[in-house]
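Novice: with the sequence up front, the predicted model follows.
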Amino acid sequence: MSSYDPSKIESRWQNYWLENKTFKTLENHDKPKYYILDMFPYPSGSGLHVGHPEGYTATDILARYKRMKGFNVLHPIGWDAFGLPAEQYAVKTGTHPRSTTERNIKRFREQLQMLGFSYDWDREVDTTDPDYYKWTQWIFLKLFERGLAYEDEQPVNWCPKLGTVLANEEVIDGKSEVGRYPVVRRPMRQWVLKITAYADRLLEDLDDLDWPESTKEMQRNWIGKSIGAEIEFAIPDRDEKIRVFTTRPDTVFGATYMVLAPEHQLVDELTTDEQRGEVESYIEFAGQKSDLERQELTKEKTGVFTGAYAINPVNNKEIPIWIADYVLAHYGTGAIMAVPGEDERDWEFAEKYDIPIIRTVQPPDDFQGKAYTGDGPSINSGILNGLNITESKTKIIEWLEDNGVGKKSVNYKLRDWLFSRQRYWGEPFPIIHVDGKPKAVPEKDLPVTLPEVDDFQPTQTGQPPLARAKNWVETTDPETGKKALRETNTMPQWAGSCWYYLRYISPDFEGGPVDQQEEKYWMPVDLYVGGSEHSVLHLLYARFWHKVLYDCGVVSTKEPFQRLVHQGMILGEVEYTAYEKDGKIISAEKAAETEGVKRVPLSENDVEKKGDRFVMKGTEITVDSKAHKMSKSRGNVINPDDVVKSYGADSLRLYEMFMGPLEQVKPWSTKGVEGVNRFLNRVWRLFFGDGVEEKYNITDSEANKEQLKALHEAIKKVTEDIEGMRFNTAISALMIFVNEANGWKSVPRSVAEPFVILLSPFAPHLAEELWSRMGHKESLAYEKWPVYNQEYLKSESIEMAVQVNGKVRANISVPADEFKNKEFVIGLAKQQKNIQRYLDGTTIIKEIYVPGRIVNLVVK
RNA sequence: GCCUGGGUGGCGGAAUUGGUAGACGCGCCGGACUCAAAAUCCGGUGGCAGCAAUGUCGUAAGGGUUCGAGUCCCUUCCCAGGUACCA
C-alpha cells in the first residue's frame, strides 16, 4: 500500500476487533470501572443519520481512552425496537413488525460497526426479545404490587383516520405526526403509573446530579412543585364547600370572586335556574375547543356567572362564583379564589366582567401596571396589614388552620403517567382480568408473549389489535381456574428504555432483571450521552423506575445516570437565500412581511459580507445566510454512508469531533471533512513518506529535545482535553504535533508510538494500522496511555509582552532561569527601543510583573 | 411573557485564576512541482493608515470596576432551545 486508503484499512480492523472480541468487557471486578452509555437508538428504516455518530464518537473516544488508562469499561449498545413505525408499515404492507425490526437492527448494527465503535457486542439487548421484555413485565408487576400501577378512565388522543391512539408526543398541533390527520380527545380505560408518588424524590435528587442545568431546570418545571394553602369557601344554605389551592393565601382578603373549571363537579349543582342556559352553553363551547384552539385563544378570557355565591372565610363577604376555562380542571382542586389585585389573569377577567378589584399588597409609588405581583406591605387585609408576603403567608395559614377552614398544601404540575397504548408492537401487560378485576400473571408464567394476529389494525369496535387474538385473550386464572381475559393494551415505547442500562450489566442473567453482584460494581452509569430532546420524558421516566427498583432492593443507587451530556444537533450546510417578488429580488428583511415571495438559492460566490449582514455581490440587497435542520424535504441531509465511502470512518469521526464543542449546535461542512481527511493523509506520510518513494520514516534513534517537547505538549493537551470532553481542541493539538513533526527528517519510534496511542481514540483504524506496521502483533486497545513529563515541556526562554499603560509596546524573550527575577525582567523590558520611546519624558508610577506572563509599566 | 444557553475574522471555532484576542481547520491570495491539471509542499491572510518601522480601531451595543476586560458588574438589542392561563 503506498498511500492512505481507509477503505482497505478500516474493514480489516473492524473484522479484527469482532473476531478477537477486543472490546469484550472483563468479568473481574479488580479494576476500577467506568460505565459509559449511549442513548438507546430506535432502529428506524432510514438508517443512521450524521447526528448519531456525534454522540457515539464522543463516548467511543472516552471508552477507548479509559481502557488505556486501566479502567474496566462497560460500553454497550442495543435496540429500542418496539414502536409505531414498524407497526404502521405492517398495517400498510402486512409485513410482520418483527421482520421489519430484524432487518432494521441488522442495518443499524452494520452501520455502527462500519464506524468502528468499540461496543461489547456480546451485551447487545433488544426490547422486542421475549427474554428482555420478560423483565420489563416483571418490573411492571413490581409497580402493580406496590399500587403504583392502576386502571383509570382517561382521555386519550384518538385518531379516527389511523384507527389508533397516539401518544402526546405523536400529536403535533392537534394532528397526527404521521399523515397529519385530526386527533380528538376520547375517554378510555387506561393503565396509569403513579409517578406523582415519587414527585418529591424526583425533584430533590436532581440536586446531586452532574447534569446540564437546563435539563435539571426543565425537569423541575415539569414536576412543578408549588407550596401554598388549601382554603375552604362555604356556600350559603348548602353543605358543600368549594376548596381552592393557592400559592398566595396572603391575598385572601382580596378575593372578590371564585372561578370553577367548566368540568368541576359542583357546577351543575350550584348553577341557578336563571343562569342554567348560559352556563350549559358555555360548558359546551369550552368542551369543543381543541387543544390547538385553547392555545390560540389565550388572548381573550371568557367565562359565565353561575348565579351562586360563596363566603370568603376571612371576612364573611359574599363573592360570586363563575366558571371559566382559564381554570384547568386537572390542576389543584379545579377551582380558584380570584384575586385580581395580585394576579394578572384575574385582573384581566375582572376588568372584562366588571368585578371589583381590591389591592392587598401596597405597590411601590412608581408602579404603573395593573395587577401587582411583587412584594410589599399587606393592605386591606385585617390581621395581615403591614406584614410582607412571607410573614402574611405564615400568619394567615396559622389562622386558617386554627379556624378549620384551610391548611398548608403542596401541589404538583406532574400528572400520573398514562402507560397503555392500543397497539400491537409493544410489550403485553402481564395482567389478566378475572371477574372484571385486574390480576397479576404469576412470575413463573412470564413472559407473556405477543400473540400472532391476522391484522395489525385495531378492531371495528376500537379495541386494540391484540383483541383479535381470541385464543390468546381468553384464558384461565391459574390460581382459581376461573375464566379470565388477558389485558389487550400494550406498553408504550418508553417502557423498554426505562431500564435497559441495567440489562447491559448482566444481559443473560436469569434470576432477575439484573445480577445484583454485578449491579453493585457497575452502577451508576458514569457518563450518559444523548440528545436534549429526551430531557424530560425518557430521563424522568427512567429515574422513576430506577427509584422504584431501589425501593424493591433491586438496585443499589438512588439515581441511574450520574453524569449526563447532550450532544448538539448537526445542521445542514450553510445556505444563502435571496427572495424574489414579481421577478424582482427584494431584501431579506422585507421578504418576511411580503406575500407571495419566492426563495432563490444562491451560491457562496454570489454573496459578500457587508457590515453585519450578507448581501448579493455588488448590491445592497440583504440575503439570508443560515444553516437549517437537516430534512428530507429540504434536501440537505448528509448520509454517513456516503461520507465513509468518500473519506473513511476515521475522517467522519474526526470531523464530527473537530467541528466544535460537543454540546453545541453546528452546521455541517463537506470542506471541513476534507480538511481532517488531509490531516490523516499527513499522518500517514509522516510514517511512510509520500507514497512515491515508499520510505519508512520511523527510526530507532534517540529523540531530541525538540521532539520530546512536541510530543509531551501533545500528551498533556490531548489528555486534559479528553478528560474535559473538549475533543475539538484535542484534535487541534494532534494537528499541531503533526505539523511540527513534518519538518523533521525522521521520527524516532519513542515519539511515534506514543503519538499513535494519542491518535487512536479519535482515528482507531488508522492508529491500529500504524501500530501494526511498526511491528506490533496485538491491538493497541489496551496499551498504556502515555504520561507527560514536565521536564520536557520547559523551554529555554519565555516570550512575554511588555505593556505601557496597558497597551502592548514590545515583546521580550526572557531566559527560563531568569523569569522569576522581577528586577531582571523589568530591566530588560525598559531597554526595549520601542518601550523607551513611550517612557521618554514620563514618570513611572507603577511596575507590574506577572511572572511568565506580562510586564506593565504605568506612567504619567 | 418566563426559564436555559449563546453572540469573537469571509466561515467552523481557540483563548488557565482578568494578563500579547483570533490557536487549529476551512476559504482566499501568492509561490514551488507539472506540458497542463489534480494531489502535495512553502509563504501570507481581522479592518484602516503607512514603502516600512509602527500606529490606530476591533470580541452584539452602551456604560462601569481595574495598571490591564472576550473574560467581572449594570443596562439594552439579537439568535437558539424549552415552556406557556399550573392559581
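Specialist: The structure has been received and is ready for your questions.
Novice: count of neighbours near A:C552?
Specialist: By other C-beta atoms under 10 Å, 13 other residues sit near A:C552. Glycine gets a C-beta too; all of them are placed from N, C-alpha and C.
Novice: for it, which non-adjacent residue is spatially closest?
Specialist: Using C-beta to C-beta, 6 or more residues apart in numbering and skipping the chain neighbours, the partner closest in space to A:C552 is A:K142 (5.3 Å).
Novice: against RNA strand B, how distant is the one you found?
Specialist: 29 Å (C-beta to the nearest atom of the strand, to the nearest Å).
Novice: identify the residues contacting that residue.
Specialist: Residues in contact with A:K142 (C-beta atoms under 8 Å, 6 or more residues apart in numbering) are A:V548, A:L549, A:C552, A:V554.
Novice: quick one: the residue nearest to the second one when sequence neighbours are not counted from RNA strand B, how far?
Specialist: Which is A:L549. Leaving aside its sequence neighbours, A:L549 sits nearest to A:V555 (C-beta to C-beta, 6+ apart; 4.7 Å). Separation of A:V555 from RNA strand B (C-beta to the nearest atom of the strand): 28 Å.
Novice: using the three-state scheme, assign A:V555.
Specialist: coil (DSSP: H, G, I helix; E, B strand; the rest coil).
Novice: still on that earlier bit, tell me the secondary structure at the residue nearest to A:C552.
Specialist: helix.
Novice: then the one 5 residues further on?
Specialist: A:G147 carries the three-state label coil when classified by three-state DSSP.
Novice: that one reaches A:V548, doesn't it?
Specialist: No. Counting by C-beta atoms under 8 Å, A:G147 stays clear of A:V548, with 11.2 Å between them.
Novice: neighbour count: these two, which is higher?
Specialist: Higher neighbour count among A:G147 and A:V548: A:V548, with 23 against 9, using other C-beta under 10 Å.
Novice: for the more buried one, give me its contacts.
Specialist: Taking C-beta under 8 Å, 6+ apart, one finds A:I139, A:K142, A:L143, A:R146, A:L148, A:Y198 in contact with A:V548.
Novice: for A:I195, give me the pLDDT.
Specialist: pLDDT recorded at A:I195 is 94.
Novice: hang on, it packs against A:F544?
Specialist: Yes. Counting by C-beta under 8 Å, A:I195 touches A:F544, with 5.0 Å between them.
Novice: identify the contacts common to the two.
Specialist: Here A:I195 and A:F544 have A:L202, A:W417 as joint contacts, going by C-beta under 8 Å, 6+ apart.
Novice: could you point out which element follows the helix or strand bottoming out on mean pLDDT in chain A?
Specialist: Using mean pLDDT, DSSP states H and E, helix A:291-296 stands out as the lowest-scoring helix or strand of chain A, at a mean of 54. Note on helix A:291-296: by DSSP states H and E, the next helix or strand toward the C-terminus is strand A:303-311.
Novice: helix or strand next in line after that next one, which one?
Specialist: Trace forward from strand A:303-311 with DSSP H and E and the next one is strand A:318-324.
Novice: could you find the closest non-adjacent residue to the residue most central in space within chain A?
Specialist: Most central in chain A under C-alpha atoms, centre = their mean is A:S532, positioned 2.0 Å from the mean C-alpha point. Take A:S532 and drop its neighbours on the chain: the residue closest to it by C-beta to C-beta, 6+ apart is A:H566, 4.0 Å away.
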